[in-house]
Structure formats: C-alpha cells, structure tokens
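S.K.: Provided below are the primary sequence and the corresponding predicted coordinates.
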Amino acid sequence: MVQVKKIVLAVVISLGFLATLSAQTTEEKEPILYQPSVLIELFSSEGCSSCPFADEFMGELIHMSDSAGFPVYVVDFHVDIWNRSGWVDPFSDSNYTQRQQTYLKKKGLTSTYTPMAFVNGGDKEYAGNDKPSIGRRVHTLINTPSEHFLRTGAAPVEGEDSLTFAFTSWGNVDSCDLRVAFVQKKINNMVTAGENIGQTLHHHNLVRGFYTIPMAANQGSFKIPYNPDFNMENFALIAYIQHQRTWQVFAADRISFKME
C-alpha cells in the first residue's frame, strides 16, 4: 500500500492536466493541427533469430526519442507462431498473433514474419530491424502536423488492484478505438533452446496487457488492473487512437510512473 501512495503522487498531476485541457476544449477555439506523435507496433518472438536485432534497435529508438523529447512510442507484441520451433516464448500470446494476422488482412499483405513493425498503422510493414526505412518514416511523421491529439492520465483506485485511466482527445474520433498497452519497459531473459539458445535477450516496452475501448466521445475513463507489488517505474501505459476500419493510428500518448 505504501507503493500505491507513491504512485498517486507521481500521476495525479496528469489527471489535473487532463482537467485543464478539458476546460480549454470548451473555452478556447481549438487549432486545426496538433503536435504529431508516432506509434511503432513491433511483432516479435524469442524463438526468432532476427528479433534480437529488432530489440536492440527499438531500445536505441526509445532512448533517442526520450532524450530528444520526441513523442515516439514503441509497443512490442510477442506472438506464438514460433513456439513449436524449440523454444516457447514465455511472453507470447495468441491474441497478439491474431492482432498481427488482422493487420495483414487490413493492409492486404500475405507474408507473416517476425520481426514485423507497423508505424502509425500505415499500409506498409517494415522488418523490425530495418533501421534506415523505419528511421525515415518516423522522421517524416514526427515533422508532419496531425489533425489529432491525445492526453492521458492514471491513478490507483483506493482499495482495489486497479488504476483509473482517463483520456482527452482532439480531432474527429468517429469509428475509432482507444488502445491501451500496459508495457514492461525492460526485460532480460535467458533463452535455453531454439534459435536463440544461450543468449540473454533484452526486450523493451513488452506488452503485458492490452485493452481496446470504442471511443464514443473525445474524453472518458475506465479501470485497468495492475499488481501493486510491481516496481511501477519499470512499467508504462501507452495509449493510441486507432481507426476501426483502416487501423491507421492518429495519435498516441504515454504514462510513465515515478516512485517518490
């Protein structure tokens, strides 16, 4: 319970900021364009020999973006398609495999592989370790003003192992979902079989929980379960607005937790 109190101190400011933004929405005329954000969805597996290179690149990208103050966010979905190749990925989830397959159908793609990445839900997929191509796409998007903007906040619910998650968005959100990924920032895991046998793999922003909420309005709140015994400094919530038909990502935001 001490840890919960510390988290409240860290994130209650975010909820206050949401209230301020909500007031601005009704009292001030909104600008047409907003600061852009970039969301990279990586599909990977510990049973894939190419994935450690994507893990390394994503770690570099997160570090560079955070250092420069750019809103570029990464979420790493571990799929289970390689679990019969000698190593069962302990972080894999068949729901994430289905998410990758749905992406392929949405984009008219036929090849399933890892590491695969989508940048802001675009029509082109990238090899997750393709630094030049992903770097160019991120550079273009982060310099292109957006018609959407998202701000989020969270705070523990007293007496419950859950967080209240709140959001406010700008721009048209008709036919959009709000996706929220509960990610573990860093995980090091030794692989004892399969293609990566003998390696200690270093994962970044690995998805440990994933939630989808249809957006009926530009603001709202809901509860997300969490374990109060976790070291929350190693976790974050990454939320993004995604169109239901095209799966284009319009805006993203991140909540990090700091113990005080």
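M.R.: Received it, and whenever you're ready, just let me know what you need. Numbering: from 1, shown residues only.

S.K.: from here on, contacts and neighbour counts on C-alpha atoms
M.R.: Will do.

S.K.: what residue ranges in this structure score low on pLDDT?
M.R.: In the predicted model of the chain, residues 1-31, 260 satisfy pLDDT under 70.

S.K.: how about the helices in it?
M.R.: 2-27, 51-68, 94-107, 131-142 (DSSP state H).

S.K.: buried residues of the second one, list them for me.
M.R.: Yep, that's helix 51-68 we're talking about. Going by neighbour count (16 or more other CA atoms under 10 Å), the buried part of helix 51-68 is 51-59, 61-62.

S.K.: what of stretch 247-260?
M.R.: Those would be 247-258, for stretch 247-260 by 16+ other CA under 10 Å.

S.K.: need those residues in CSV (columns: distance to Ser85).
M.R.: Output for the buried residues of stretch 247-260, formatted as CSV (distance: CA to CA, whole Å):
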residue, distance to Ser85
Trp247, 31
Gln248, 33
Val249, 33
Phe250, 36
Ala251, 37
Ala252, 35
Asp253, 36
Arg254, 34
Ile255, 36
Ser256, 35
Phe257, 37
Lys258, 39
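
S.K.: which one among these gets closest to Ala181?
M.R.: Ala181 lies nearest to Arg254 out of those, by CA to CA, at 9.5 Å.

S.K.: identify the residues contacting the closest one.
M.R.: Applying CA atoms under 8 Å, 6 or more residues apart in numbering to Arg254 gives the contacts 73, 152, 236-239.

S.K.: tell me which two in the residues you listed are the farthest apart.
M.R.: Tyr73 and Thr152 (14.1 Å).

S.K.: all strands for the stretch 151-260 of the chain, in order.
M.R.: Secondary structure of the stretch 151-260 of the chain, counting by DSSP state E, counting those that start in this stretch: strands at 162-170, 176-190, 200-214, 219-225, 235-243, 249-256.

S.K.: which residues are contacting the first one?
M.R.: By that I understand strand 162-170. 15, 18, 21-22, 147-157, 218-227.
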